[in-house]
Structures are given as C-alpha cells and as structure tokens.
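> Below is the sequence, then the predicted model.
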Amino acid sequence: MDTPGRRFGRAVVIGGSMAGLLSARVLSDHFEQVILLERDPRPDGPQPRKGVPQGPHLHVLLDTGRRLLDGFFPGLFQHLQEQGAELIDSSGELAWHHFDVWKARYTGGIPLLLCTRTFLEWHVLRRVVALPNVELREGCSAERLLTDSARQRITGVQLKGPAGEAPLQADLVVDASGRGSRAPQWLEALGYGRPEEEQVGVDLAYTSRLYEPPASFQGEWKALMQYPSPPSTWRSGFISSVEGGRWLVTLNGYFGDHAPTEPEGFLEFARSLPRPDLHAYLRDAKPLGPISTHKVKDTRWRHYEHMARFPEGLVILGDAVCAFNPIFGQGMSVAGLGAELLHECLREQTRRSPGRLEGLAWRFRKRLPGVIRQPWLMSTSLDLQYPQATGRRRSGLGLVHWYIRRMLERTSRDAAVHHQFNRVLHLQSGLGAILQPSVALSVLAHGAQALFVPLRERANTDTLPPPPEARRS
Ligand SMILES: Cc1cc2nc3c(=O)[nH]c(=O)nc-3n(C[C@H](O)[C@H](O)[C@H](O)COP(=O)(O)OP(=O)(O)OC[C@H]3O[C@@H](n4cnc5c(N)ncnc54)[C@H](O)[C@@H]3O)c2cc1C
C-alpha cells in the first residue's frame, strides 16, 4: 500500500474490531492522528470479548481478505503461520459436502486462512496499535455524533470513558461499530432520517467448542464442512484446524433449530447432520472448553447510499452497513474491501481538493454498494431458497436457484466448475465466472441429465473424497 503523505488532521474510528482496525490502518496513511475508540477493555491476548460475541465461533478468511490484510500489514501472514495459523488449499485440503454432494478435491486451489477469530484480531490489533499515529482508547464508547451549528458536517463524537463524558473533535468520523451501530438513530436525531434496510430473516445460531483431535485422525483434511441442501435440510457442521493443533467445531441450524449448548445435545446435533462423517470424527475427540452459542436473527443491509441527505465528515462501513449470513465467511473480507475503498476515496480526495474532506462522505457511501452487492446477492440467494426465510424475493429467483443447485452439484465431478465457484466465493471474481460458457455448458448438461439420472449417479453423494495426493498415488 502506498503512502501519499498525511494531508488531513484527526480521524476518529468507532469500534476496534476488524472493520475499525482495518479502517484505522488505512486512515493512518492520510491523517496526522487516528483515534480508535473501543468500548471493551483491550484484551491481554487472543481472548473472546463482550463487544465481539461471535469471537469464539468459526471464522475463515477468504482469499480477498487475506490479500488485503497482507497489503495493509506486510509480513502478517508469515507471522500468523509461524504462530500456528494454517494457510490451506481450499480445494485440496478442504472436504466439503454441500447440496447433497462432496465437492471434487484438486490441488492448486485458492488459499484459505484457518485460525481462531480471536487470534487473527489480536495480531491485527497489535499491528495497528504499533502505528505511531494511531491511539487506541479502550473502554471508551461513542455516545452520539457532534455537528457544526448548521448540522451539515460531523465534527466529532461525544465520548464516554472511564473519566466520564467529553466531546472529541475530529475531521472525519468512521463508524465501524458493527451490527449494533447507532448511526441510524444518530442521523435521525440530527434530522437526516434513517436509511432503508433490507433484511433476510434466517434465525440462525452458531454453537461451537474447541477439541483436541483424536489420536486416530490421519490428517485427511484441514477442514471438514457439511453444509445443508436447501430447502430440505438446514443444519450444518464444520471442523476447522486452528492454532495450537486444535479443532474448532461449529454446528449451526436455521429457523430456530439451534444446536444445544450441553455436551450430549451438542454431540447428538452433530449426529443428526445429513452425513455421518463429522460426528464420526468428533466422537473420539477430546473437548477442551465450554460450548458457546451466538444467534443471528437476520442478515441486514442498511442502504445509506439511498439517503437523500447525509452529513459531511461521516463514513460508515463493515457490519454497521451490511451484516451477512456468516456461513459464507464474507464479513471480514468485505470489511477489508470497505477499508480499501476508503483508502482510494481519500487518495482521490487529495487529488481533487488537497487538504479538504468535502464530498468524501458522499463518494464513499455511493461507492460502497459496489463491494457489498455481489456477496450479498450470493448469500441471500442461497438463503431465500428456504420458504421459511423472510425477505424480498426478486423475480427470476427460481431460475437462479435452479442454476445454483445444478452448478453446486456439478462441483462434485468437474474441478473446473468448482474452481470458478471458489473464485466467486472468495470474491476474486464477479458472478460472470460461473456464467462463462465453459461452466454454463457443463452445468446445463448436468441439469439435462438430472431429468433422467439420479443424483447418486451424477455426483459423489456419499464417500468423503481422499486428498488429491492420495488419489494420484
Ligand atoms: C457467528 C459469526 C460467524 C462469522 N464468521 C465469519 C467468517 O467465517 N468469516 C468472515 O469473514 N466473517 C465472519 N463473520 C463476520 C465478522 O465477524 C464481521 O464481519 C467482522 O467482525 C467485521 O465486523 P465489524 O468490525 O464491522 O463489527 P464487529 O465485529 O461487530 O465489531 C464492532 C466493534 O465495535 C465496538 N463498539 C460498538 N459500539 C461502540 C461504540 N458506541 N463505541 C465504541 N466501540 C463500539 C464493539 O465493542 C466491537 O468491538 C461472522 C459473524 C458471526 C456473527
């Protein structure tokens, strides 16, 4: 990442989780001073904290997120790997059952980072607070926005911290306070109204526990994922290798069908998954800690870009704008794309009107949907296959569902289709990759076969595929 020189005064970031940390990193290139406000006390190490209740649950970092973080913090990934994180081949080292079929495993796939969320965030935090012009104020909460007398420009935040309340002036305020962001209320109180919200109701829960792998485990995979087959099944299970030679096991279910938090119920839920594999591995693994759970009622996109009026000096990103269904692993990567966009907008700002921030808030909020739209469409299209999911169904969705199902079935036998799907999933390429002629022809031929040939004969529905190396030998 290039450093154009710091041309602006002070930026304040609300929220010290992934979106806030990545924003602070970017802002440190452009502002003399960056103050990062975090309500929680600073953790002593990679530990769960109150403000990030999703911390104990499975988080994978897609390749786009990895690429961005690598640019923001050179050398970070090598350090993470030295500390126990694994960068795996997402097609060779991942065993993935989805839409009733095992995906083909091949070498040379897209890298996927496996480690706990708390570990990743902790290492990113250490890098950010080491930046000379970034100051973390822990235990400090932004209570509301401050404005100029005409209420046209945000001039800072009202801060509540250990020493009480005080105003904190800023040239730019970035709200990265997550799903619970109070920006809609704050803007309404200032006379701007609230953004319209798009929601898809999923009533999902993540339930997770750390394990020591059983001695009998031969390392057949680094991660095992058993996704459901909408609309008939909605339970999933994941085992991911994480630092410390442990397994992080996450079970989830949609529509209130949540995995229990007591040990027998947790195992029983694993046993009830449509495939027996995950339970078979888990049965002999040794639990290492408590079971935690976290509910996600809905996925939600706040359309700030549609608001007719919006103040200068305010940028909102990360989950505060769009909180995805976590099972597609998109949130941290999209937070990174938001930070990258902020960097681009600030560079452009410097070219257009050096030293001035007028127009930045407008340009950023208008361009942010460009990074959100594709992952949003992908995850909501899959969720809306369930009749129980609430949300707006666009016309033509039935055709989209037909194509998705046939394409995902095809990933079982056609590694090229699997690879193009992975490129879209990892946000490396647009939806065009799964619609290009070579993929479409394979999918359509498979769809035609589906009229006469049962799925079991068209795809690998049952046998966990061996790693690609084992197949060759
Ligand atoms: C169960 C689950 C699993 C997930 N799995 C994945 C995954 O596999 N891959 C992936 O990429 N993403 C995943 N995500 C999404 C990911 O966690 C988020 O997208 C990511 O953390 C970015 O969120 P954020 O920084 O915008 O907000 P958050 O992570 O919610 O953080 C908000 C921060 O703001 C602080 N805060 C809030 N209000 C204030 C205030 N007024 N003043 C000061 N501080 C404040 C909070 O304490 C917190 O630290 C998952 C999410 C969930 C719920």
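Structure received.
> okay, the residue in the stretch 351-473 of the chain that the ligand sits nearest to: pLDDT?
Residue nearest to the ligand within the stretch 351-473 of the chain (CB to the nearest ligand atom): Pro375, separated by 9.8 Å. Every C-beta, even on glycine, is put in place using the N, C-alpha and C of the backbone. With respect to pLDDT, Pro375 has a value of 96.
> Also Arg471?
Arg471 is given a pLDDT of 47.
> related to what we said a few turns ago, quick check: the residue of the stretch 351-473 of the chain closest to the ligand vs Arg209, distance?
The gap separating Pro375 from Arg209 is 28 Å, by CB to CB, to the nearest Å.
> again with Gly108
According to CB to CB, Gly108 and Arg209 sit 33 Å apart.
> for the closest residue to Leu76 other than its chain neighbours, what are its contacts?
Closest residue to Leu76 apart from its sequence neighbours, by CB to CB, 6 or more residues apart in numbering: Leu69 at 5.9 Å. Neighbour list for Leu69: 22, 61, 76-77, 124, 336 [criterion: CB atoms under 8 Å, 6 or more residues apart in numbering].
> For stretch 361-374, buried residues please.
361, 363-365, 367-369, 371-372, 374 (16 or more other CB atoms under 10 Å).
> now those residues as a markdown table including secondary structure?
Converted to a markdown table, the buried residues of stretch 361-374 look like this (DSSP: H, G, I helix; E, B strand; the rest coil):
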| residue | secondary structure |
| --- | --- |
| Ala361 | helix |
| Arg363 | helix |
| Phe364 | helix |
| Arg365 | helix |
| Arg367 | helix |
| Leu368 | coil |
| Pro369 | helix |
| Val371 | helix |
| Ile372 | helix |
| Gln374 | helix |
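> for the helix or strand harbouring Leu168, packing partners?
For Leu168, the element it lies in under DSSP states H and E is strand 164-169. Packing contacts for strand 164-169, counted by 3 or more CB pairs under 8 Å, 6 or more residues apart in numbering; DSSP states H and E, involve strand 141-147, strand 154-161.
> For the ligand, find the nearest of those strands.
Comparing the helices and strands packed on strand 164-169 by CB to the nearest ligand atom, strand 141-147 comes nearest, at 3.9 Å.
> What residues does the protein have near the ligand?
With the criterion set to CB under 6 Å from any ligand atom, the chain comes near the ligand through 14-20, 37-40, 51-52, 54, 57-60, 141-142, 176-180, 206, 294, 296, 318-320, 326, 329-333, 335.
> now for the helix ranked longest in the chain, which elements pack on it?
Identified as the longest helix of the chain according to DSSP state H is helix 331-352. Counting contacts by 3+ CB pairs under 8 Å, 6+ apart, helix 331-352 packs against helix 18-27, helix 63-72, helix 360-367, helix 369-383.
> repeat that with 6 Å
Under the contact definition 3 or more CB pairs under 6 Å, 6 or more residues apart in numbering; DSSP states H and E, helix 331-352 sits against helix 18-27, helix 63-72, helix 360-367.
> Return the mean pLDDT over stretch 350-365, rounded to an integer.
For stretch 350-365, the per-residue pLDDT averages 93.
> Need the residues that contact that stretch.
4, 7, 171-172, 304-305, 312, 314-315, 345, 349 (CB atoms under 6 Å, 6 or more residues apart in numbering).
> Mind doing that once more with 7 Å?
Residues from elsewhere that reach stretch 350-365 (CB atoms under 7 Å, 6 or more residues apart in numbering): 4, 7-8, 171-172, 304-305, 310-315, 341-342, 345, 349.
> Compute the first-to-last residue distance for it.
Stretch 350-365 has an end-to-end distance of 18 Å (CA to CA, to the nearest Å).
> ok now stretch 124-131, how far from the chain's centre?
On the basis of CA atoms, centre = their mean, to the nearest Å, stretch 124-131 is displaced by 21 Å from the centre of the chain it belongs to.
> For it, list the C-alpha coordinates in PDB.
The C-alpha coordinates for stretch 124-131 follow below in PDB (Å, rounded to 0.1, in the frame of the first residue of the first chain):
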ATOM      1  CA  VAL A 124      -4.100  -7.300  13.600                       C
ATOM      2  CA  LEU A 125      -4.700  -5.200  16.800                       C
ATOM      3  CA  ARG A 126      -1.000  -5.400  17.700                       C
ATOM      4  CA  ARG A 127       0.000  -4.200  14.300                       C
ATOM      5  CA  VAL A 128      -2.500  -1.300  14.400                       C
ATOM      6  CA  VAL A 129      -1.500   0.000  17.800                       C
ATOM      7  CA  ALA A 130       2.100  -0.200  16.800                       C
ATOM      8  CA  LEU A 131       1.500   2.500  14.200                       C
END
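> buried residues in it?
Residues 124-125, 127-129, 131 are the ones in stretch 124-131 that count as buried (16+ other CB under 10 Å).
> Ala459: which of those residues is nearest?
Taking CB to CB as the measure, Ala459 lies nearest Val124 of these, at 39.1 Å.
> count of neighbours near whatever residue of the stretch 201-350 of the chain ends up closest to the ligand?
Closest residue of the stretch 201-350 of the chain to the ligand, CB to the nearest ligand atom: Gly331 (2.1 Å). Counted with other CB atoms under 10 Å, residues neighbouring Gly331 total 25.
> how about the nearest residue to it, chain neighbours excluded?
Nearest to Gly331 is Phe324, by CB to CB, 6+ apart, at 5.4 Å.
> Could I get the contacting residues of Leu267?
Counting by CB under 7 Å, 6+ apart, Leu267 makes contact with Leu282.
> swap that for Leu346, please
His30.
> again, but for Pro43
Pro43 makes contact with 49, 122, according to CB under 7 Å, 6+ apart.
> Stretch 83-93 spans what distance, first to last residue?
20 Å.
> pLDDT of it, averaged?
Here the average pLDDT along stretch 83-93 is 95.
> what's the distance between stretch 303-316 and the middle of its chain?
23 Å.
> Equivalent analysis for stretch 69-86, please.
Distance of stretch 69-86 from the chain centroid (CA atoms, centre = their mean) equals 18 Å.
> just stretch 448-455 next, same as before
Its chain's C-alpha centre and that of stretch 448-455 lie 35 Å apart, by CA atoms, centre = their mean.
> buried residues in that stretch?
So, applying 16+ other CB under 10 Å, buried residues of stretch 448-455: 449-450, 455.
> In helices only, show me these.
449, 455.
> Can you turn the buried part of the residues of the chain next to the ligand into a ChimeraX selection?
The command below creates a ChimeraX selection of those among the residues of the chain next to the ligand that count as buried (16+ other CB under 10 Å):
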select :14,15,16,17,18,19,20,37,38,39,40,51,52,54,57,58,59,60,141,142,176,177,178,179,206,294,296,318,319,320,326,329,330,331,332,333,335
